[in-house]
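*Asks:* Following is a predicted model, sequence given first.
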Amino acid sequence: MNLQESKSALRNARHMNLESVKTLYRAEMARSLRTVLQSIVSPVISTSLYFVVFGAAIGTRISEVNGVSYGAFIVPGLIMLMLLTQSVSNASFGIFFPRFSGSIYEILSAPMSYIEIVLGYVGAAATKSVILGLIVLATARLFVPFSIAHPLMMLVFLLLTAVTFSLLGFIIGIWADGFEKLQLVPLLVITPLTFLGGTFYSIDMLPPFWQAVTLANPVVYLVSGFRWSFYGIGDVSVWLSLGMILLFLCVALTTIAWIFRSGYRLRP
Amino acid sequence: MSEHAVIAVEHLGKVYSGGFEALKDVSLDIRRGEIFALLGPNGAGKTTLISVICGLVNPTSGRVLVDGHDNVSDFRAARERIGLVPQELTNEAFVTVWDTVSFSRGLFGKPKDPAHIERVLRSLSLWEKRRNRLITLSGGMKRRVLIAKALAHEPEILFLDEPTAGVDVELRRDMWEVVRELRNSGVTIILTTHYIEEAEEMADRIGVIRRGELVLVEEKRALMRKLGRKELTLHLHSPLSDVPDTLAHHDLALADDGHALVYRYDASRTDADEDDDTANIAGLLADLEAAGIHFKDLHTRQSSLEEIFVSLVKERQ
């Protein structure tokens, strides 16, 4: 690379094409508004059903967990369940669809850096998930009384999880070469890990062997940290939870950096 | 890179991960303001070449300069000059014409300019359809939308990959008109096509690509003059059974059961030679008169680019 080219590369890196990022972000947000039933109403209804069944109907027959009523105990877990599935599904569909339809050519031929493309897609997916998370939180309040002990940390966990799992969704959307694969990871990996990650129970309730096994489930750390921000209790230390989320974030960012550098499934 | 080149492709090579070598040491200069047609059989490397220039495919070797900017290290400056109309109809179905064209402008980092979008839509007869969702448009209209999207950010260079594939004859002629108007406004146009008629009708220069190699780049007129054949057909009053000996020195053949006499001659003449052609034809007509052969009608034809193209590809095989 000669001096002129080095200067150009530096200029490209320094200069952020905000107009392009905004355009992509807005288009992705507009897509959700066009499918508002699927994007917002459907996850809110399904989460509400969980509250009705597990919180109000069954929860009244279950004793308190660590001093918190069962209905209130499952609120952070359910928000996390919705946050993970929606982040992955929004972001994976967001990048998969233009690949599937062929319209990705426009994004790849635009004067946008990799970071700007990721900011547009992942930013929009994470925003939608956070908005949904807050809507589900408000909906839960209609069913069970609870308070949030550390609201700032709650928002930090909400935001970090939404971004991290939107990045994961982005990776899945690039990896998938058909609709089946697009559904595979959310159905076979995310949902089971979330159900087994302490959404509906404290891992203290499990026999010691399964407690140890459960600690290998990354979702445990997310649910635990998020629950700590509500009630000050968690299965693991809040700092361990935060550290694990940051670790997932780094892994996701590194994978995406590799995808763009190698051109994997995007630029042959 | 020549002084007038708006795109300089230098020793470009592309080997796909499966080992398929799609481009072999391709070097090409595109001149500012020209219409350049890239011809080649299926799988010859036309779309790969366009895709590398536009940043959709990473080259294995070589480089591309767009107006002097390297399309990898200085990709922003290179890409903002280029508009691409892909071969496939690849629109999102549920957005409106106006929104999708505005989206394309924003994606290239340009501030909103409704007046420009309106101009583009009007020039492509899409203004009346601006509020329509793309799913409601015909195939031809969708292709126009793709052109509008490519023009939304005011590119200096426009790539059209098979712009009229699957488009009816009338619409094809409309498209050609649009392309000519664009060229007149200063846009450099590079098109790939299967329809050689299209290249013949519109291109200033022609490039022929075969198995990843650029086998020929030539001014269209020069190419047709150099490789074309001319043919004069005389429809006779009375049929002949053989070409008379007195006419044997002319390259003549009988056709239509002796009702027509066909005279073939090479079109590869310099301007200075053209008199010789005329002299030859005049000589032939004089010899016919002397031999008492009369004709009721005549017509001439020049071989088409298609014939030239087919013979070129065959020759190299």
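*Replies:* Noted; the coordinates are in hand.

*Asks:* which residues touch residue 28?
*Replies:* Reading this off chain A. Residue A:28 sits next to A:94, A:120-121, A:124-125 when contact means Cβ atoms under 8 Å, 6 or more residues apart in numbering or on different chains. Where C-beta positions appear, they are placed from N, C-alpha and C, glycine not excepted.

*Asks:* Chain B, not that one
*Replies:* B:7-9, B:207, B:214, B:217.

*Asks:* residue of the stretch 101-250 of chain A with the smallest distance to chain B?
*Replies:* residue A:102 (3.5 Å; Cβ to the nearest Cβ).

*Asks:* wouldn't that residue be in contact with residue B:88 here?
*Replies:* Yes: using Cβ atoms under 8 Å, residue A:102 is in contact with residue B:88, at 5.0 Å.

*Asks:* Can you point out the buried residues in whichever helix in chain A runs longest?
*Replies:* Longest helix of chain A, by residue count under DSSP state H: helix A:70-101. Using 16 or more other Cβ atoms under 10 Å in any protein chain shown as the test for burial, helix A:70-101 gives A:70-96, A:98-100.

*Asks:* For chain B, which residues are neighbours of chain A?
*Replies:* Proximity of chain B to chain A is confined to B:16-17, B:54-58, B:69-70, B:73-80, B:82, B:84, B:86, B:88, B:90-92, B:94-95, B:99, B:103-104, B:106-111, B:149 under the rule Cβ under 8 Å from any Cβ of the partner chain.

*Asks:* Using PyMOL, define a selection of the buried residues within those residues.
*Replies:* Burial among the residues of chain B next to chain A is assessed by 16+ other Cβ under 10 Å; the matching PyMOL selection reads:
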select buried, chain B and resi 54+55+56+57+69+70+73+74+75+76+77+78+79+80+82+84+86+90+91+92+95+99+103+104+106+107+108+109+110+149
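
*Asks:* Helices - which of the residues of chain B next to chain A land there?
*Replies:* B:54, B:75-79, B:99, B:103-104, B:106-107, B:149.

*Asks:* of all those, which comes closest to residue A:167?
*Replies:* Ranked by distance to residue A:167 (Cβ to Cβ), those are led by residue B:107 at 21.3 Å.

*Asks:* wait, what's in contact with the nearest residue to the closest one once chain neighbours are set aside?
*Replies:* Nearest non-adjacent residue to residue B:107, counting by Cβ to Cβ, 6 or more residues apart in numbering or on different chains: residue A:110, 4.5 Å away. Under the criterion of Cβ under 8 Å, 6+ apart, the neighbours of residue A:110 are A:20, B:79, B:107-109.

*Asks:* Let's have the residues you listed in CSV, adding distance to residue B:294.
*Replies:* Converted to CSV, the contacts of residue A:110 look like this (distance: Cβ to Cβ, whole Å):
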residue, distance to residue B:294
A:20, 74
B:79, 66
B:107, 69
B:108, 67
B:109, 72
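
*Asks:* circling back: and which of the ones in helices among the residues of chain B next to chain A is nearest to chain A?
*Replies:* residue B:106 (3.0 Å).

*Asks:* and the residue nearest to the closest one when sequence neighbours are not counted, what pLDDT?
*Replies:* Nearest non-adjacent residue to residue B:106, counting by Cβ to Cβ, 6+ apart: residue A:23, 3.0 Å away. Residue A:23 is assigned a predicted lDDT (pLDDT) of 92.

*Asks:* any idea which element residue A:23 lies in?
*Replies:* helix A:18-34 (DSSP states H and E).

*Asks:* now do residue B:27
*Replies:* strand B:21-31.

*Asks:* who does the following helix or strand past that strand pair up with?
*Replies:* With elements assigned by DSSP H and E, the helix or strand that comes after strand B:21-31 is strand B:35-39. In the sheet, strand B:35-39 lines up against strand B:188-193 (parallel), strand B:205-210 (parallel) (DSSP bridges).

*Asks:* Touching the last one from outside, list them.
*Replies:* The contact list for strand B:205-210 (Cβ under 8 Å, 6+ apart) reads B:26, B:28, B:31, B:34-41, B:44-46, B:49, B:199, B:214-220, B:223, B:305, B:309, B:312-313, B:316.

*Asks:* please redo it, this time with the cut-off set to 6 Å
*Replies:* B:36-40, B:44-46, B:199, B:214-220, B:223 (Cβ atoms under 6 Å, 6 or more residues apart in numbering or on different chains).

*Asks:* Which ones among those residues map onto helices?
*Replies:* Short answer: the contacts of strand B:205-210 in helices (DSSP H) are B:46, B:199, B:220, B:223.

*Asks:* From the structure, what's the count of residues near the last one?
*Replies:* The number of residues packed near residue B:223 is 22, by other Cβ atoms under 10 Å in any protein chain shown.

*Asks:* need the contact list for residue A:135.
*Replies:* Applying Cβ under 6 Å, 6+ apart, the residues contacting residue A:135 are residue A:44.

*Asks:* Next up, phi/psi of residue 232, please.
*Replies:* Unless you meant another one, I'm taking chain A. Per-residue torsions, residue A:232: phi 70, psi 10 (degrees, to the nearest 10).

*Asks:* Can you look at chain B instead?
*Replies:* Dihedral angles (degrees, to the nearest 10) for residue B:232: phi -110, psi 120.

*Asks:* Give me the spatial nearest neighbour of it, chain neighbours excluded.
*Replies:* residue B:263 (4.3 Å).

*Asks:* what kind of secondary structure is the one you found in?
*Replies:* strand (DSSP: H, G, I helix; E, B strand; the rest coil).

*Asks:* Name whatever forms a beta bridge with it.
*Replies:* residue B:232, residue B:252.

*Asks:* pLDDT score assigned to it?
*Replies:* For residue B:263, pLDDT reads 86.

*Asks:* and the most centrally placed residue in chain B, what is it in contact with?
*Replies:* Residue closest to the mean C-alpha point of chain B, counted by Cα atoms, centre = their mean, is residue B:199 at 2.7 Å. Counting by Cβ under 6 Å, 6+ apart, residue B:199 touches B:37, B:39, B:193, B:206.
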